[in-house]
Every structure is written in C-alpha cells, then in structure tokens.
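Trainee: Okay, here's the prediction I keep looking at, along with the sequence it came from:
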Amino acid sequence: MWLALEIGNTRLHWALFIGAKLDCTWDTEYLPESVIQQLAQSHTLADLPPEISFPAPCSLPPLLTIASVVPSQTALWQTYPHVRVITLEQIPLKNIYPTLGIDRALALWGAGKTWGFPMLVIDAGTALTFTAADANQYLVGGAILPGLGLQFATLGQKTGQLPQIETESLVSLPPRFALSTAEAIQSGVIYTLLAGIKDFIEAWWQLYPEGKIAIKGGDRTLLFNYLQILYPAIASRLTVEPNLIFWGIAALKSHV
Ligand SMILES: Nc1ncnc2c1ncn2[C@@H]1O[C@H](COP(=O)(O)OP(=O)(O)O)[C@@H](O)[C@H]1O
Ligand SMILES: CC(C)(COP(=O)(O)O)[C@@H](O)C(=O)NCCC(=O)O
Ligand SMILES: [K+]
C-alpha cells in the first residue's frame, strides 16, 4: 500500500494505491507543518490528524510519493520520513524542456499510456494548460493561461468595482450579451475561455486528425458541460478523467 500526493497551486490531491491498483482518491486543503509532523508520527488510523481525511480503514502506508508544482509545499512535505519526490527525468516522454510542470508531464504520460498517443491533455486547474505529445511520445508542446477561478479572482481583486465571482455559483450558461455586472463577467470569461479551448482543439486536430483529448482539473466538469452545449461535436471526442496524474505515477512505478 502506498500514498501518492499531487500538490497543485490551489489544493492537495491524494491517492491510495494497493500495489499498482488505484484504490481511492480525495482532495484536501494545504496542510500546516504541524499536521505533516503528526502524519509522519502516525502508525494507525486512530493517530491520524483529522485534516488528512484518510478514507481507508486499515494501517498506514509507509511510502509517500509526491508530484508537486509548488516548491514551498514540496519543501514542507520533504520532512515526511519515507517520501519520494517525482522529477521530470523519471518521465519517459521525449523532447521535454527542463521547466515543464511535473503535473503536466505526468497527466500526459498517464493519458497516453492508457489510451494511446497522439494525446492532448487539458488541465482545467488553477492554471488552464494544454499539453500534447505525438505518436512517438515526443512532447509537441502546449500552452498556459489563467484558469477559470483565477480569471474571476483577478478581475475581483485588481479592479475597483468588479465583484468576486465564485465558480461554485455557476450553473447554466450566462447570457452572451449581459445586462448585469456579474453576468457580464461570467459571459466574458466563460465564452472566451470556451472559444479558446475550441480553437486549441481544432489546431490539435489539424496537426493530428486522430489525436485524442482528455480533460482533468477542478473545473473539468463545468467546462465539459458548457462544451457539450456550445460545441457538442467537440465534446463528444473528449474524455473526462480527474485521476490522470495518478495514472501517470502508476505507469512510472512499473517503468522504474
Ligand atoms: N473544493 C474545491 N476547492 C477548490 N477549488 C475547487 C473546488 N472544487 C472545484 N474547484 C475548482 O477547481 C479549480 C482548481 O483546480 P484544481 O485542479 O483543484 O487545482 P490545482 O490542482 O491547481 O491545485 C478552481 O478554479 C475551482 O474553480
Ligand atoms: C502551469 C502550472 C502552474 C499548472 O499548475 P496547476 O494549475 O495544475 O496547479 C504548472 O504546471 C507549472 O508550474 N508549470 C511549470 C511551467 C511549464 O509547465 O512550462
Ligand atoms: K493540476
């Protein structure tokens, strides 16, 4: 049994593996150093700090594997006794550049190993990223832009009169030409984000007409639902899967 931890820019994503089998996954907030120390000293479920919200009714896995794009958080978690931090060199993709995010590399590897290459992964997380590899598992490249939550947060924080829009408050598509401030922000951010995603997907299919696409990240469901309404032909070729990074980690385990 082993634990995997993906550290994103908003929160922590956990997975419990039994051998190579992904048993369960869950998310938590960032945890303070005191909780990490408590986790390190825990031997049974009863000792566990409640913040971990560990779901398995059994003894604690000794090994923790971390994939992080937040250096300050990596440093914090390195105090855990049996920790393994995944680095880019361990990922068999070719043509990767040294500062590529480990989350992007792992998600692409996990998706490609599962469904095949060419593969494009869209990560609708804190940042929204596109990351693609060709049939020979060469990184084609990608793009990074502010994610849905970050676009709303930036408008709320860097202007004098705009309210903060919460992504949880979004349900149906806003009117395109809005007559209130809140809906005008929603319209601007959502329709341009979806048009941008559509444009990247079309460019991907220009390059690789049979190229596969997977979407992950905290805003995946919301964006996928909107895509189904606006661009159903595109949505029908997308696979929604939150655990691509953990699949990537599992695929590495058998590789190294
Ligand atoms: N419980 C939640 N806590 C935080 N963000 C959430 C939650 N549920 C959905 N989200 C959405 O997920 C996005 C962050 O994506 P996520 O993939 O979790 O982040 P990261 O991996 O970058 O830490 C935010 O923009 C937010 O809209
Ligand atoms: C682009 C990211 C910030 C995405 O992080 P996330 O939104 O998943 O927390 C992360 O993958 C990162 O820091 N990448 C390094 C730069 C690059 O990939 O080129
Ligand atoms: K991520």
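Mentor: Thanks, I have the structure now. As the structure is a prediction and not an experimental result, all values here were calculated from the model. Ligands and ions are numbered 1, 2, ... in the order given.
Trainee: count of neighbours near whichever residue of the chain sits closest to ligand 3?
Mentor: Minimum separation of the chain from ligand 3 (C-beta to the ion) falls at Gly125, amounting to 3.7 Å. C-betas here are computed from N, CA, C, even on glycine. Burial measure for Gly125: 25 neighbouring residues, criterion other C-beta atoms under 10 Å.
Trainee: With adjacent residues omitted, what lies nearest to it?
Mentor: Gly217 (3.8 Å; C-beta to C-beta, 6 or more residues apart in numbering).
Trainee: For that neighbour, give me its contacts.
Mentor: Listed by C-beta atoms under 8 Å, 6 or more residues apart in numbering, the contact set of Gly217 reads 122-125, 128, 147, 242.
Trainee: hmm, back to that, surely the residue of the chain closest to ligand 3 and Asn9 touch.
Mentor: Yes: using C-beta atoms under 8 Å, Gly125 is in contact with Asn9, at 7.1 Å.
Trainee: just to revisit the earlier point, and the residue nearest to Gly125, what are its phi and psi?
Mentor: Dihedral pair for Gly217: phi 100, psi 160, per degrees, to the nearest 10.
Trainee: What are the buried residues along the host helix or strand of Thr192?
Mentor: Following DSSP states H and E, one finds Thr192 within helix 181-207. Neighbour counts over helix 181-207 (16 or more other C-beta atoms under 10 Å) mark 185-187, 189-190, 193-194, 197, 200-201, 204 as buried.
Trainee: One more: stretch 78-90?
Mentor: So, applying 16+ other C-beta under 10 Å, buried residues of stretch 78-90: 80, 83, 85-86, 88, 90.
Trainee: same question, stretch 152-166
Mentor: For stretch 152-166, using 16+ other C-beta under 10 Å, the buried residues are 152-153, 155, 162, 165.
Trainee: Off-centre distance for it?
Mentor: 24 Å (C-alpha atoms, centre = their mean, to the nearest Å).
Trainee: which one is whatever residue of the chain ends up closest to ligand 2 nearest to, not counting chain neighbours?
Mentor: Of all residues in the chain, the one sitting closest to ligand 2 is Gly101 (2.1 Å; C-beta to the nearest ligand atom). If the residues on either side of it in the chain are set aside, Gly101 comes closest to Val69, at 4.8 Å by C-beta to C-beta, 6+ apart.
Trainee: Is it correct that Leu93 is in contact with Tyr138?
Mentor: Yes: shown here, Leu93 and Tyr138 form a contact pair, counting by C-beta under 8 Å, at 7.5 Å.
Trainee: Neighbour count for these two, which is higher?
Mentor: Leu93 (20 against 15).
Trainee: which of the contacts of Gly217 are close to ligand 2?
Mentor: 123, 125 (C-beta under 6 Å from any ligand atom).
Trainee: Redo the contacts of Gly217 as CSV? Include pLDDT and secondary structure.
Mentor: Formatted as CSV, the contacts of Gly217 follow (pLDDT from 0 to 100; DSSP: H, G, I helix; E, B strand; the rest coil):
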residue, pLDDT, secondary structure
Ile122, 99, strand
Asp123, 98, strand
Ala124, 98, strand
Gly125, 98, coil
Leu128, 98, strand
Gly147, 98, coil
Pro242, 98, coil
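Trainee: Narrow the contacts of Gly217 to those that are buried.
Mentor: With neighbours counted by 16+ other C-beta under 10 Å, the contacts of Gly217 contain buried members at 122-125, 128, 147.
Trainee: just those that are near ligand 1?
Mentor: The overlap between these and the neighbours of ligand 1 (C-beta under 6 Å from any ligand atom) comes to 125, 147.
Trainee: quick check, Ala214 in a strand?
Mentor: Yes: under DSSP: H, G, I helix; E, B strand; the rest coil, Ala214 falls within a strand.
Trainee: Now do the contacts for it.
Mentor: 107, 111, 115, 119-122, 238-241, 244.
Trainee: From Leu193, how far off is it?
Mentor: Separation of Ala214 from Leu193 (C-beta to C-beta, to the nearest Å) stands at 18 Å.
Trainee: Check Met119 too.
Mentor: From Met119 to Leu193 the distance is 22 Å (C-beta to C-beta).
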